[in-house]
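A.B. asks: could you work out the structure for the sequence below:
(one chain, ligands or ions: 2)
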Amino acid sequence: MSSDGQRGLLLVVSSPSGAGKTTLCGRLRREFPMIEFSVSYTTRAPRAGERHGIDYYFVDPERFSEMLARDELAESALVHGNSYGTSAARVHSAIHEGRDLLFDVDFQGGRQLKARFPADVVRIYVLPPSLGELEHRLRARATDAPEVIERRLRAARDELQHYEEYDYVIVNDDLDRAYEALRAVYLAERQRCSRQRRAAEAVLSGQGYLLVSPGMVAP
Ligand code: ADP
Ligand code: 5GP
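C.D. replies: Ligands and ions are numbered 1, 2, ... in the order given. A predicted model of the protein is given here:
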């Protein structure tokens with residue numbers, strides 16, 4: 001726990017592949033640089049432009065199995081034939097040091113994180129405006145081979161069934177409008193009483209609290 005007792009918020013964003021969560025999360029991180037991104041471990045091969053340690057930690061299946069066996073993952077899942085998982089140590093330190101953490105994980109990961117950290121997790125589901133538009137975006141992104149795109153499209157219908165497990169649903173039709181909705185959810189959740197101990201304690205102690213942006217105090 002941080003010295004002032006404030007816990008970090010765990011913001012989980014999920015969607016079928018191609019709905020736009022990477023784009024939306026990227027905007028959120030640019031506007032609120034103090035939100036940290038939870039870099040996942042995966043056995044998937046890197047796409048062009050993806051960097052080890054920034055987009056993912058790219059590991060071989062043996063290393064992934066070792067991490068699982070040592071209970072080093074807060075959650076893990078097999079998605080589209082590859083293993084993905086989140087470092088447990090990273091999540092614990094963010095919660096206890098009062099830092100907000102953003103997760104791009106599938107519904108299985110979201111479910112496991114909610115079960116493990118029920119008071120800290122807020123789950124947001126991003127819906128494409130239609131299945132046709134989802135297909136169009138996946139093809140236009142042109143980062144995956146045609147057979148990989150086919151596989152992801154087949155999985156999309158099943159994944160979409162899980163939207164009801166989430167706290168919020170955002171339809172990513174117009175990007176600016178969808179981003180406003182994501183931003184609104186983050187800001188509202190950050191102002192919850194349970195997440196404002198740092199501000200309240202600073203005011204009560206007479207020290208005062210100068211807000212630069214939500215969760216960030218002026219140096
Ligand atoms: P995901 O992370 O969910 O797989 P991406 O963020 O990579 O999806 O988005 C898939 C593609 O759709 C990208 O090429 C992105 O630029 C585009 N995209 C995202 N949001 C929109 C939107 N609202 N309208 C049109 N294209 C979008
Ligand atoms: P991609 O291969 O397109 O980057 O991601 C494929 C899917 O895996 C997406 O739905 C993404 O949210 C999910 N994913 C990425 N990292 C993790 C993780 O650490 N855990 C889980 N459960 N899913 C993840």
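
A.B. asks: name the SS class of the residue positioned nearest the centre of the chain, please.
C.D. replies: With distances taken as CA atoms, centre = their mean, the residue of the chain nearest its centroid is residue 103 (1.8 Å). What DSSP: H, G, I helix; E, B strand; the rest coil gives for residue 103 is strand.

A.B. asks: list the beta-bridge partners for it.
C.D. replies: For residue 103, the beta-bridge partners are residue 12 (DSSP bridges).

A.B. asks: contacts only, for it.
C.D. replies: 10-13, 38, 86, 109-110, 113 (CB atoms under 8 Å, 6 or more residues apart in numbering). From N, CA and C alone the C-beta is placed, and that goes for glycine too.

A.B. asks: near ligand 1, which of those show up?
C.D. replies: By CB under 6 Å from any ligand atom, no member of the contacts of residue 103 lies near ligand 1.

A.B. asks: and which of the residues you listed is nearest ligand 2?
C.D. replies: For these, the minimum distance to ligand 2 (CB to the nearest ligand atom) is 2.5 Å, reached by residue 109.

A.B. asks: coming back round to it: list just the nearest of the contacts of residue 103 to residue 176.
C.D. replies: residue 13 (17.2 Å; CB to CB).

A.B. asks: hang on, isn't that closest one packed against residue 124?
C.D. replies: Yes - counting by CB atoms under 8 Å, a contact exists between residue 13 and residue 124, whose distance comes to 5.0 Å.

A.B. asks: anything in contact with each of those two?
C.D. replies: residue 182.

A.B. asks: for the chain, which segments count as helices?
C.D. replies: In the chain, the helices defined using DSSP state H lie at 21-31, 61-69, 88-97, 107-116, 131-141, 146-160, 175-190, 197-204.

A.B. asks: what residues sit buried inside the fifth one?
C.D. replies: I take that to be helix 131-141. Within helix 131-141, the residues that count as buried by 16 or more other CB atoms under 10 Å are 134-135, 137-138.

A.B. asks: what of the shortest one?
C.D. replies: Judged by neighbour count using 16+ other CB under 10 Å, the buried positions of helix 197-204 are 197-199.

A.B. asks: for that helix, list the C-alpha coordinates in PDB.
C.D. replies: Provided in PDB are the C-alpha atoms of helix 197-204 (Å, rounded to 0.1, in the frame of the first residue of the first chain):
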ATOM      1  CA  ARG A 197      -7.500   9.000  -0.200                       C
ATOM      2  CA  ARG A 198      -4.300  10.700  -1.400                       C
ATOM      3  CA  ALA A 199      -6.200  14.000  -2.200                       C
ATOM      4  CA  ALA A 200      -8.300  13.900   0.900                       C
ATOM      5  CA  GLU A 201      -5.400  13.100   3.300                       C
ATOM      6  CA  ALA A 202      -3.300  15.900   1.800                       C
ATOM      7  CA  VAL A 203      -6.100  18.400   2.300                       C
ATOM      8  CA  LEU A 204      -6.900  17.200   5.800                       C
END
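
A.B. asks: got the residues of this structure near ligand 1?
C.D. replies: Residues of the chain found near ligand 1 (CB under 6 Å from any ligand atom) are 15, 17-23, 137, 140-141, 172, 174-175, 178.

A.B. asks: residue ranges in this structure under the pLDDT threshold?
C.D. replies: Residue ranges of the chain with pLDDT under 70: 1-4, 210-219.

A.B. asks: return the residues of it in contact with ligand 2.
C.D. replies: So the chain meets ligand 2 at 14, 17, 40, 44, 75, 77, 79-80, 84-86, 104-106, 108-109 (CB under 6 Å from any ligand atom).
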